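1. Okay, here's the prediction I keep looking at, along with the sequence it came from:
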Amino acid sequence: MSIGYFVKEGVSGFKRAHLATITSITALAIAVLLVGMMVRMGYNAYYLAQKMREMIIVEAFLNDINNEQIQSVQQAIQRKKEVAKMEFVSKDDARKLFLSSFGDEGSGLADLDFLPASIRITFKEGVQTPQIKHLIADISKWKEIDEVRFDENLLNILESRIRTVGLIGAGISFLIMLMALLLVYNTIRLTIFSKQTIIRAMKLVGATKGFIRRPFLIEGMLQGVIGGSLSSLGIIGIFQYVLPKYIEQLGVLSWPFGRWYYLIGGMISFGTLLGLIGSHRATKKFINAVRLSN
């Protein structure tokens, strides 16, 4: 039997339970749209958090060592894979920074020459908190290093916020997906019940379960494709036209990975997958329930 037959039968299910089908497609579109919005905003929140993490500077204060030892320390730090760049701050530079912060009132302390040379370290994008802490613990053991300072509280708070937002987003997305799956499941169930006579006849002439199920699986996938496509149009309209009109800041949110088609393609694929899973669960249960005789 050609694929055309299965597609034709799958589409015919739209007519037999058109109200349930419209409800299912609408729910799928809303579910995928909400998930897509969360992904886009979550991506931007994660990107912002990464940029904030990059702004965290670790400062390693040096003991009173010679230039050769300083160069050796710099080279050792630069070889660390987590390090994006580093900046050497000499004693004179430290004095100038101190005076720029405290003005003439701090000149007396600056003249005491108590400010040590240091190396300021910034990290690459994507470096996580455990990696930063491991690097600090390693550097702190070097005999050339007197002390290592960084804002650990800020780093912990940032990490905690990222984790919390991720868990909340995952929880909400799971509930949305579950509701969409239940609606697809219910729609396919109604379609199966409306075709009980045909299914019974097909079973009597020896049709396999797989053959009977294919049109319903295609119907579920078509619902997912339509729902995913509608949600894609929705997310473009919302972020390009609606939200910027009322909240200008949201108009600058970037697409995940810098391209619109990654998210749009993912949303359509996700909608198709939801439709397939929902229809698969429904056909597996209810086609078996159709008996050969009343």
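-> Nice, I can see it. As the structure is a prediction and not an experimental result, all values here were calculated from the model. Numbering: from 1, shown residues only.
2. From here on, just use CA atoms for contacts and neighbour counts.
-> OK.
3. where are the low-confidence patches of the stretch 151-294 of the chain?
-> 191-192, 194-195, 248-252, 288-294 (pLDDT under 70).
4. how about the helices of it, start to end?
-> Applying DSSP state H, counting those that start in this stretch to the stretch 151-294 of the chain gives helices spanning 152-194, 196-204, 209-237, 243-246, 260-289.
5. Give me the packing partners of whichever strand or helix holds Phe88, helices and strands only.
-> Following DSSP states H and E, one finds Phe88 within strand 83-89. Under the contact definition 3 or more C-alpha pairs under 8 Å, 6 or more residues apart in numbering; DSSP states H and E, strand 83-89 sits against helix 67-78, strand 118-123.
6. got the angle for the shortest one vs strand 83-89?
-> Comparing the axes of strand 118-123 and strand 83-89 via axes from the mean of the first three to the mean of the last three C-alpha atoms, to 10 degrees yields an angle of 160 degrees.
7. buried stuff in strand 118-123?
-> Residues of strand 118-123 classed as buried by neighbour count (16 or more other C-alpha atoms under 10 Å): Ser118, Ile119, Arg120, Ile121, Thr122, Phe123.
8. hang on, the earlier thing: ok, and what's touching the strand holding Phe88?
-> Gln74, Ile77, Gln78, Ala117, Ser118, Ile119, Arg120, Ile121, Thr122, Phe123, Lys124 (C-alpha atoms under 8 Å, 6 or more residues apart in numbering).
9. partners of that strand in the sheet?
-> Next to strand 83-89 in the sheet, as set by DSSP bridges, lie strand 118-123 (antiparallel).
10. Give me the helices and strands touching the following helix or strand past the strand it pairs with, please.
-> Counting by DSSP H and E, the element after strand 118-123 in chain order, helix or strand, is helix 129-140. Counting contacts by 3+ C-alpha pairs under 8 Å, 6+ apart, helix 129-140 packs against strand 145-149, helix 152-194.
11. still on that earlier bit, just send the buried residues of strand 118-123 back as TSV, with pLDDT too.
-> Shown next, in TSV, are the buried residues of strand 118-123 (pLDDT from 0 to 100):
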residue	pLDDT
Ser118	87
Ile119	87
Arg120	87
Ile121	87
Thr122	85
Phe123	83
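12. can you put those residues in a markdown table and add distance to Ala31?
-> Below are the buried residues of strand 118-123 laid out as a markdown table (distance: C-alpha to C-alpha, whole Å):
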| residue | distance to Ala31 |
| --- | --- |
| Ser118 | 53 |
| Ile119 | 50 |
| Arg120 | 47 |
| Ile121 | 44 |
| Thr122 | 40 |
| Phe123 | 38 |
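13. Widest-spaced pair of these?
-> Using C-alpha to C-alpha, the buried residues of strand 118-123 span at most 16.4 Å, a distance reached by Ser118 and Phe123.
14. tell me the most buried of the helices of the stretch 151-294 of the chain?
-> Most buried of these by mean neighbour count (mean count of other C-alpha atoms under 10 Å) is helix 209-237; its value is a mean of 22.
15. quick one: that one to helix 196-204, angle?
-> Using the same axes, to 10 degrees: helix 209-237 against helix 196-204 is 140 degrees.
16. Kindly format the C-alpha coordinates of stretch 267-285 as CSV.
-> The C-alpha atoms that make up stretch 267-285 are tabulated as CSV, following Å, rounded to 0.1, in the frame of the first residue of the first chain:
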residue,chain,number,x,y,z
MET,A,267,9.7,24.1,17.4
ILE,A,268,8.2,22.4,14.3
SER,A,269,10.1,19.2,15.0
PHE,A,270,9.1,19.4,18.6
GLY,A,271,5.4,19.8,17.7
THR,A,272,5.7,16.8,15.3
LEU,A,273,7.3,14.7,18.0
LEU,A,274,4.5,15.6,20.4
GLY,A,275,1.9,14.7,17.9
LEU,A,276,3.6,11.4,17.1
ILE,A,277,4.0,10.4,20.8
GLY,A,278,0.4,11.2,21.6
SER,A,279,-1.0,9.3,18.6
HIS,A,280,1.3,6.4,19.3
ARG,A,281,0.1,6.0,22.8
ALA,A,282,-3.5,6.3,21.8
THR,A,283,-3.3,3.8,18.9
LYS,A,284,-1.4,1.3,21.0
LYS,A,285,-4.2,1.2,23.6
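17. Contacts for that stretch, please.
-> Here stretch 267-285 has contacts from 28-29, 32-33, 36, 177, 180-186, 188-189, 192, 213, 216-225, 227-229, 231-232, using C-alpha under 8 Å, 6+ apart.
18. can we see that at 7 Å?
-> Residues outside stretch 267-285 that contact it (C-alpha atoms under 7 Å, 6 or more residues apart in numbering): 28, 32, 36, 181-182, 184-185, 188-189, 213, 216-217, 220-221, 223-225, 227-229, 232.
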